[in-house]
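S.K.: Let's see this in three dimensions:
(one chain, ligands or ions: 3)
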Amino acid sequence: MKEFVENKLKLKRKVLVVDDGAVERKLLKDMLEEHYEVLLAEDGKQALQIIKDNYNTLSLILLDLIMPEMDGYEVLSIIGKDETMCRIPVIVLTADDSAEVKSLRMGAADFIQKPYNVPEVIFARIDRIIQLYENNTLVSATKDDPLTGLLTKEYFINYVEMIDHYAPEKDFDIIVLDVNKFHLINEIHGHVYGNRILKELGVCIQKYVDNKGGVACRSNGDTFILCVPHQSNPNELLWEIHVHLKDHLKDVSTRIRMGVYSHSDRHVDVEKRVDWALLACNSIKGNYGASIAYYDAIMHEREAYDEKLLHDLESALEEDQFIVFYQPKYFIQEDRPRLISAEALIRWKHPELGMINPSLFIPVLEQNGLIQKLDKYIWKTAAEQVAAWREKFGRSVPVSVNVSRIDLLEPNFVENITHIVREAGLTPNDYILEVTESVYTDNSDGIIDIVKQLRSLGFRIEMDDFGSGYSSLNMISSLPFDTLKLDIGFVRHIHENPKDYKMVEIILQIARLLNVKVVAEGVEYEEQHELLKKAGVDIIQGYYYSKPVDAETFEIFIKTS
Ligand code: C2E
Ligand code: CA
Ligand code: CA
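M.R.: Ligands and ions are numbered 1, 2, ... in the order given. Take a look at the predicted model:
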């Protein structure tokens, strides 16, 4: 620790000398000044004030016992009773042998005999006590990551706290560095090779932090965290890695990305600072044009907004702020379009923030494992709505609901959804489950088994956002689903871009081969509608027919179809 602070950060620890004798104060100050930042107090009262002002950064107190007004014993006793001050070690300065035992009993860490004859002895004692105290706060952590030799995350956090302690006014950045698609390296070349890459990265990073005066750790496999003085330039590190690893990274689409929390606020928890750098880093996950992102005011606001949404969720559910909207889907391969079903889409009518679209809050709830609660509410509301319409209009309008990956992985998912549907007096046939393509491809056979089970119970499955994920052709043929829903991206420019039209034609050929129906969503214009019809799309959903509307408004479509 001592080595770290002195060599890497080139910082001096703060030591307080308390002595009423001006000569002795000066003597100690001259002796210590080269290695420590020395603060001086003439009496107990002044000392306490200085300790209070510096309790966070003070490494040691050298305390004379005999002083007018408030003596050293009294100071010791006050420090001993104070939760924050008592963590600073005190070395007592005394000419009186008998005082030693008493002061040690009162919590002093050590003593130095007056007069100060041998400076080496004084230094040795001061060093030993400071080190003892600092190591004490670090004993619980394992120091090194065995693979890279960098610190472990736990130790890193401790170190950064130490940096805060000793250099609160110095400007530091937190950097999170991540290897995009590292799992590909492992999959293609094996773990031994993957580990070699991590090791090499470790070497580059260690060199960089040694150079700049900072610390670094590896956390969660392929993520590295650095704390470096602000003057350093993360581009240098990126370049260094590029040069060092270019032969290793060239044949897979891997790249390094970094998130920087610049001028990091030292009053914020270290973990939080790391989170913010990570947030910046993740903001360029799918963006191949950018390698470095900085945590900024917009991200900060977004985070605060997300936190507010999370916080408000519970009461929103209780106060019925969520409204299920329905968007009609029309079957178009007949003389005239026929209402065939509807997609249930959630809206949040927030009392302060107004109407919030799901793309703003669904990802937040998914990340925090809260989506299940909301989705259950939607499934139930939608099921009851289908039953109510059947009662009112004498016909069934099946509704599709969106199902997240997290929903599917819940142990009782199949039972729950079956229960909801039965309870409303429906059969699984009245209910369509939309599962996005990425959920299938991410996976785990587990999910595919669950979807198969749902189909065998009579639920129809629509593969949402088809074409946005990475399913390979031979994979699609083995996946269980009834309908394929084209990703909105194919539809948007179909009337302007012949290539998009060609893609849709190819997907339709695949769909025919697999004997599944095709839905196109996001259809806004007549031209798009006609092209999709020509290509053979069966069902259309989009503003061309209607935006998602509330249940009452939706009744017009039932009446007129
Ligand atoms: P999604 O499932 O792909 O839903 C389609 C989105 O496209 C909806 O956005 C819909 O309003 C929008 N859309 C429909 N027609 C058009 C059109 O003609 N033009 C354009 N530009 N957009 C159109 P929305 O309602 O904002 O939902 C966004 C996403 O939020 C949904 O994408 C879905 O992934 C998620 N989501 C919505 N409701 C739920 C829910 O109840 N549960 C879960 N888990 N996710 C939901
Ligand atoms: Ca959907
Ligand atoms: Ca979609």
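
S.K.: Stretch 421-434 near ligand 2 at all?
M.R.: Yes: Stretch 421-434 comes into contact with ligand 2 (C-beta under 5 Å from the ion), by way of Glu434. C-beta: built from backbone N, CA, C; applies to glycine.

S.K.: Do me a favour and average the pLDDT over that stretch.
M.R.: Taken as a whole, stretch 421-434 has an average pLDDT of 94.

S.K.: What residues of it count as buried?
M.R.: Buried residues in stretch 421-434, counting neighbours by 16 or more other C-beta atoms under 10 Å, are found at Val421, Ala424, Leu426, Pro428, Asp430, Tyr431, Ile432, Leu433, Glu434.

S.K.: residues from the chain in reach of ligand 1?
M.R.: 327, 345-346, 357-359, 362, 371, 375, 378, 402, 404, 434, 464-465, 521-524, 542-543, 548 (C-beta under 6 Å from any ligand atom).

S.K.: Show me the domain layout of the protein.
M.R.: 2-142, 153-295, 327-345+392-560 (automatic domain parsing).

S.K.: TSV please, covering those domains and showing distance to Leu317.
M.R.: Listed next are those as TSV, based on distance: least, C-beta to C-beta, whole Å:
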stretch	distance to Leu317
domain 2-142	40
domain 153-295	26
domain 327-345+392-560	16
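
S.K.: Which of the ones you listed comes out lowest on mean pLDDT?
M.R.: When I compare the domains of the chain, domain 2-142 is least confident, with a mean of 84.

S.K.: ranges for the strands of the stretch 251-400 of the chain?
M.R.: 256-261, 292-294, 322-331, 338-350, 354-356, 399-403 (DSSP state E, counting those that start in this stretch).

S.K.: Ok, the stretch 401-550 of the chain next?
M.R.: 431-436, 460-466, 483-486, 517-521, 539-541, 549-550.

S.K.: Tell me which of these lies nearest to Lys308.
M.R.: Proximity to Lys308 (C-beta to C-beta) singles out strand 549-550 among the strands of the stretch 401-550 of the chain, at 24.8 Å.

S.K.: Summarise which helices and strands the next helix or strand after that closest one is packed against.
M.R.: Per DSSP states H and E, strand 549-550 leads on to helix 551-559 as the next helix or strand towards the C-terminus. Counting by 3 or more C-beta pairs under 8 Å, 6 or more residues apart in numbering; DSSP states H and E, the packing neighbours recorded for helix 551-559 are strand 322-331, strand 338-350, helix 371-393.

S.K.: and the ones you listed, which is most packed in?
M.R.: strand 322-331 (a mean of 22; mean count of other C-beta atoms under 10 Å).

S.K.: Can it be said to contact ligand 3?
M.R.: No: against ligand 3, strand 322-331 shows no contacts by C-beta under 5 Å from the ion, the least distance being 11.0 Å.

S.K.: Strand partners (parallel or antiparallel) of that strand?
M.R.: Sheet pairing of strand 322-331 (DSSP bridges) gives strand 338-350 (antiparallel), strand 539-541 (antiparallel), strand 549-550 (antiparallel).

S.K.: Quick check, Glu366 in contact with Ser404.
M.R.: Yes: using C-beta atoms under 8 Å, Glu366 is in contact with Ser404, at 5.8 Å.

S.K.: TSV please, covering the strands of the stretch 401-550 of the chain and showing distance to Arg338.
M.R.: Formatted as TSV, these follow (distance: least, C-beta to C-beta, whole Å):
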stretch	distance to Arg338
strand 431-436	16
strand 460-466	17
strand 483-486	16
strand 517-521	14
strand 539-541	10
strand 549-550	18
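
S.K.: closest to Glu187 out of those?
M.R.: Nearest of the strands of the stretch 401-550 of the chain (C-beta to C-beta): strand 431-436, 22.7 Å.

S.K.: How far away from the center of its chain is the closest one?
M.R.: In terms of C-alpha atoms, centre = their mean, to the nearest Å, the centre of strand 431-436 is found 28 Å from the chain centre.

S.K.: right, is that strand up against ligand 3?
M.R.: No: using C-beta under 5 Å from the ion, strand 431-436 stays clear of ligand 3, coming no nearer than 7.0 Å.

S.K.: Tell me what whichever residue of the stretch 451-561 of the chain sits closest to ligand 2 is bridged to.
M.R.: Nearest to ligand 2, among the residues of the stretch 451-561 of the chain, is Asp464, at 4.4 Å (C-beta to the ion). Going by DSSP bridges, Asp464 is paired in beta bridges with Thr436.

S.K.: How about the contacts made by it?
M.R.: By C-beta atoms under 8 Å, 6 or more residues apart in numbering, Asp464 lies in contact with Asn402, Glu434, Val435, Thr436, Glu437, Lys485.

S.K.: Might one say that Tyr208 is in contact with His244?
M.R.: No: the criterion here is C-beta under 8 Å, and Tyr208 misses it with His244 at 10.8 Å.

S.K.: So for those two, which sits in the more crowded spot?
M.R.: Comparing Tyr208 with His244 by neighbour count (other C-beta atoms under 10 Å), the higher total belongs to Tyr208, at 22 against 15.

S.K.: Adding distance to Glu410, write the strands of the stretch 251-400 of the chain out as CSV.
M.R.: Below are those laid out as CSV (distance: least, C-beta to C-beta, whole Å):
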stretch, distance to Glu410
strand 256-261, 31
strand 292-294, 33
strand 322-331, 19
strand 338-350, 18
strand 354-356, 25
strand 399-403, 10
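
S.K.: Out of these, the one nearest ligand 2 is which?
M.R.: Counting by C-beta to the ion, ligand 2 lies closest to strand 399-403 out of the strands of the stretch 251-400 of the chain; the figure is 4.7 Å.

S.K.: Please consider this matter closed, and thank you.
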